[in-house]
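[1] take this sequence and fold it.
(4 chains)
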2 protein chains.
Amino acid sequence: MVEGPRFQPVQPVRAYQRIVEQVEEALARGDLTPGQRLPSERELVTQFAVSRSTVREALRVLESNGVVRSRPGDPNGPEILPFSSVALRKQVVRLARVDQLTLAELISFRMIMDGAAIQVASRLRTPEQLAELEGTLVAMQNAIDVDFAAFSEADLTFHDVIARIARNSLIETCNEVVRGVVLSLISDKIAHAPNSRALMLESLQHHAEVVEAIRAGDGHAAARIARQNMYDYYAGYVPEGERDALRALTD
Amino acid sequence: MVEGPRFQPVQPVRAYQRIVEQVEEALARGDLTPGQRLPSERELVTQFAVSRSTVREALRVLESNGVVRSRPGDPNGPEILPFSSVALRKQVVRLARVDQLTLAELISFRMIMDGAAIQVASRLRTPEQLAELEGTLVAMQNAIDVDFAAFSEADLTFHDVIARIARNSLIETCNEVVRGVVLSLISDKIAHAPNSRALMLESLQHHAEVVEAIRAGDGHAAARIARQNMYDYYAGYVPEGERDALRALTD
DNA sequence: CCTAGTCCACTGGTCAGACCAGTCACAGCT
DNA sequence: AGCTGTGACTGGTCTGACCAGTGGACTAGG
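    The predicted structure follows:
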């Protein structure tokens, strides 16, 4: 046995994979943009010089990744979709299931991200953005009289505005994803909360405190308040033994 | 036009999708565990009572989601894979490309997560875990004399240990994912850093400071040091105008 | 008895061709 | 001009076929 170069294991590349790669590359290069259409399957067959089965396998993969959408009968062909976080959320949900992700971990994650976004936002915010933030408070106020879903919607907007002020769309997407996963985990418990109006009022009060701290420019205080609020809001759903990690974030 | 019940728009469910759902449900229920094998495609054809094309489309989707792997010729059939973050990373990479995710946002994300994990870890750590953390420092020390890849590996271990002490595998996975994306963005620039030995020594020193703060139980100090370190390490790659958001985290 | 080599049933990858139900654009009618 | 019916095309699914690989069973040699 002579000492030779270290070889890499080689696995066969399937035809449908090279089609997926070509489409994704075109997307990355900008040759393909959301809203545009792919040629029909039968047309792709001639362009890629493979059979329709192969083209279809590639399309199914792209579709499951949220890149395209095929509709039967549509003469325009498969549509290139704008990015959406559903595919990302799907992966996180899978992670949550397989990795036995606990609610505590998810809440902890939200406390971290939300606190940090608020901290950054209280430094970067312009007066106009502060006014916008106060506007969302008013919207939340009004939504209380409608129903819990409306309030929840307004709350989501609040956090989106925060993430935008912090100039971090990654945080925005993360919040969206994790929020979706958390809601799917506790939705049954929270749906018919007995005193939801009181909850909403309390939540509104907390948000107002956060905005006040942001106005004062005290990022650490704003973040601390926000984390404390989220702790108070969710701790009831978290088993006793797992709350330590959450409390470590509320100092 | 009478006032009727509100109907939901209906989109056709394709056969391959219901196969995917069945497999994922079996996985969630625990009827299917990593390492197990699926029946062969031709066997699945009879079980699901569909054609092989349909079975194959389902398998391609599952494969692209990192759930199974098919190998030609394997008489045991497709293999159920353990969870891996590659599919998750794929989605984040797509997000980075399509959403024009900036390096600043990614670094910011890592500063936030890393700081928070360290803050939690400094409260929850046991004496044994502190010793383990110091052990990784020694490993980093030794790796300096090997090469940069070894040092990078040891550094990764350090952060994994932190995440484990903080009892948050979600943070662990996020770090892994974002780290991979960041490296792919700046790998060309960092590969032949002229004075990499000096960089490694400096990085080791910083890690030691963090461990010291963890030993003292000062979570805020540990987090601040860690974030400052990461800022120093990466700020050079971030455009001038985007550093504000990073500095807001180093107060 | 155990080992080493051969062989073949079966695997997944790909292809070709067919049928169906659905959609949309357009021609022709009112 | 507005409406409507039609038909060319779409994607969804099925059938059946071929090929190159894999790995277990079987066999020949120790």
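
[2] and for the residue of the stretch 151-251 of chain A found nearest chain B, the neighbour number?
    Closest contact between the stretch 151-251 of chain A and chain B, by CB to the nearest CB, is at residue A:248 (4.1 Å). Where C-beta positions appear, they are placed from N, C-alpha and C, glycine not excepted. Residue neighbour count, defined by other CB atoms under 10 Å in any protein chain shown, stands at 20 for residue A:248.

[3] so which helix or strand takes in residue A:90?
    Using DSSP states H and E, residue A:90 falls within helix A:86-98.

[4] who's in contact with that helix?
    A:64-66, A:101, A:106, A:173, A:176-178, A:180-181, A:184-185, B:24, B:27-28, B:65, B:67, B:82-83, B:85, B:87-88, B:91-92, B:94-95, B:170, B:173 (CB atoms under 8 Å, 6 or more residues apart in numbering or on different chains).

[5] that helix: what's the following helix or strand?
    Helix A:86-98 is succeeded, C-terminally, by helix A:103-124 (DSSP H and E).

[6] now for that next one, which elements pack on it?
    helix A:148-165, helix A:169-190, helix A:196-216, helix A:219-234, helix A:243-247, helix B:103-124, helix B:169-191, helix B:243-247 (3 or more CB pairs under 8 Å, 6 or more residues apart in numbering or on different chains; DSSP states H and E).

[7] burial check on residue A:35, number of neighbours?
    Using other CB under 10 Å, residue A:35 has 9 other residues around it.

[8] again with residue A:27
    21.

[9] isn't it up against residue A:80?
    Yes - under the criterion of CB atoms under 8 Å, residue A:27 makes contact with residue A:80 at 7.2 Å.

[10] name the residues contacting each of those two.
    With CB under 8 Å, 6+ apart as the test, residue A:27 and residue A:80 both reach A:33, A:67.

[11] residues of the stretch 101-250 of chain A that sit close to chain B?
    Within the stretch 101-250 of chain A, the positions near chain B by CB under 8 Å from any CB of the partner chain are A:101, A:105-106, A:108-109, A:112-113, A:116, A:119-120, A:123-124, A:166-171, A:173-174, A:219-220, A:242, A:244-245, A:248-249.

[12] please indicate which of those residues are buried?
    A:101, A:105-106, A:108-109, A:112-113, A:116, A:119-120, A:123-124, A:166-171, A:173-174, A:219, A:242, A:245, A:248-249 (16 or more other CB atoms under 10 Å in any protein chain shown).

[13] hang on, the earlier thing: distance to DNA strand D added to the helices and strands packed on helix A:103-124, as TSV?
    Below are those laid out as TSV (distance: least, CB to the nearest atom of the strand, whole Å):
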stretch	distance to DNA strand D
helix A:148-165	32
helix A:169-190	25
helix A:196-216	41
helix A:219-234	40
helix A:243-247	43
helix B:103-124	35
helix B:169-191	29
helix B:243-247	42
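
[14] all helices for the stretch 1-150 of chain A, in order.
    For the stretch 1-150 of chain A, the helices defined by DSSP state H, counting those that start in this stretch occupy A:15-29, A:41-48, A:52-64, A:86-98, A:103-124, A:127-144, A:148-165.

[15] most packed of these?
    Neighbour counts (mean count of other CB atoms under 10 Å in any protein chain shown) averaged over each of these peak at helix A:103-124, with a mean of 24.

[16] chain center to that helix: distance?
    Offset of helix A:103-124 from its chain centre (CA atoms, centre = their mean, to the nearest Å): 14 Å.

[17] ditto for stretch A:168-188
    That offset, for stretch A:168-188, works out to 5 Å (CA atoms, centre = their mean).

[18] what does that stretch contact?
    Residues contacting stretch A:168-188 (CB under 8 Å, 6+ apart): A:85, A:88-89, A:92-93, A:96, A:103, A:106-107, A:109-110, A:113-114, A:116-117, A:120, A:156, A:159-160, A:163-164, A:190, A:234, A:237, B:95, B:99, B:101, B:105-106, B:108-109, B:112, B:245.

[19] tell me the buried residues in it?
    Here stretch A:168-188 shows A:168-182, A:185-186 as buried, counting by 16+ other CB under 10 Å.

[20] what residues go with each domain of chain A?
    Domain segmentation of chain A under automatic domain parsing yields A:15-80, A:86-247.

[21] the shortest one vs chain B: in contact?
    Think domain A:15-80. Yes - Domain A:15-80 reaches chain B (CB under 8 Å from any CB) through A:16, A:20, A:24, A:27-28, A:53, A:56-57, A:60-61, A:64-65, A:67, A:72.

[22] show me which of those has the smallest pLDDT value.
    Among the residues of domain A:15-80 next to chain B, residue A:28 has the lowest pLDDT, at 84.

[23] quick one: contacts for it?
    Taking CB under 8 Å, 6+ apart as the test, what residue A:28 contacts is residue B:97.

[24] ok, now how distant is residue A:14 from DNA strand D?
    Distance, residue A:14 to DNA strand D, by CB to the nearest atom of the strand, to the nearest Å: 13 Å.

[25] what about that residue, how many neighbours?
    A count of nearby residues for residue A:14, using other CB under 10 Å, gives 16.

[26] what does residue A:37 give?
    For residue A:37, using other CB under 10 Å, the count is 14.
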